[in-house]
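1. Here is my input; please provide its structure:
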Amino acid sequence: MLTLQDYQLALINLGIAPDEFEAIRRAPYPKAQTLLQELKEKARHNYKKKAFELHPDRTQGDKSKAELFNLLGQTLEKINRMTVHTAPPIMQFIPIVTWQQQRYNPKDSINNSRQAKVFRIVTMRPR
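-> I've put the predicted structure just below:
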């Protein structure tokens, strides 16, 4: 299991700053997707450079460089699996005004001459 320090070391070697992840997290959806794609391309480009330098065949079996090579490969794999999802829709409540007519009652002297209309205001959540 890799630790946080291992991933931080790998990100430094891949030329990726934590601010870039924060910018992706704060950006609106279409821009965040573009920023993530650029980050993936940058990581892949820097990985190719580092892989050329750190490959075990080129370093004559140096253990520390081989471990860093494997760490960079695992980190690049995790970066390539990252995705950006659209934000859930904001729930809006729509005011709906309806009216309800009271029933006509001939025994009621007030309603004999007119029928009162009662208005109701209801808020509903759209589907």
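
2. Mind pulling up the pLDDT for L2?
-> Note on L2: pLDDT of 81.

3. how close does it get to P30?
-> 32 Å (CB to CB, to the nearest Å). Using the backbone N, CA and C atoms, a C-beta is placed for each residue, glycine as well.

4. One more: L39?
-> The value you get for L39 to P30, if CB to CB is used, is 15 Å.

5. do V84 as well
-> 9 Å.

6. Look at the two and report which has more neighbours.
-> V84 (17 against 10; other CB atoms under 10 Å).

7. Looks to me like that one is in a helix.
-> No: per DSSP: H, G, I helix; E, B strand; the rest coil, V84 lies outside any helix segment and is coil.

8. just use 690 as the starting number from now, easier for me
-> I'll keep to 690 as the first residue from here, and by that count the last item is V773.

9. Dihedrals phi and psi, it?
-> For V773, the backbone dihedrals (degrees, to the nearest 10) come out as phi -110, psi 130.

10. Could you list every helix and strand that the longest helix seen in the chain packs against?
-> Criterion DSSP state H: the longest helix present in the chain is helix 718-743. Judged by 3 or more CB pairs under 8 Å, 6 or more residues apart in numbering; DSSP states H and E, the packing partners of helix 718-743 are helix 707-715, helix 752-769.
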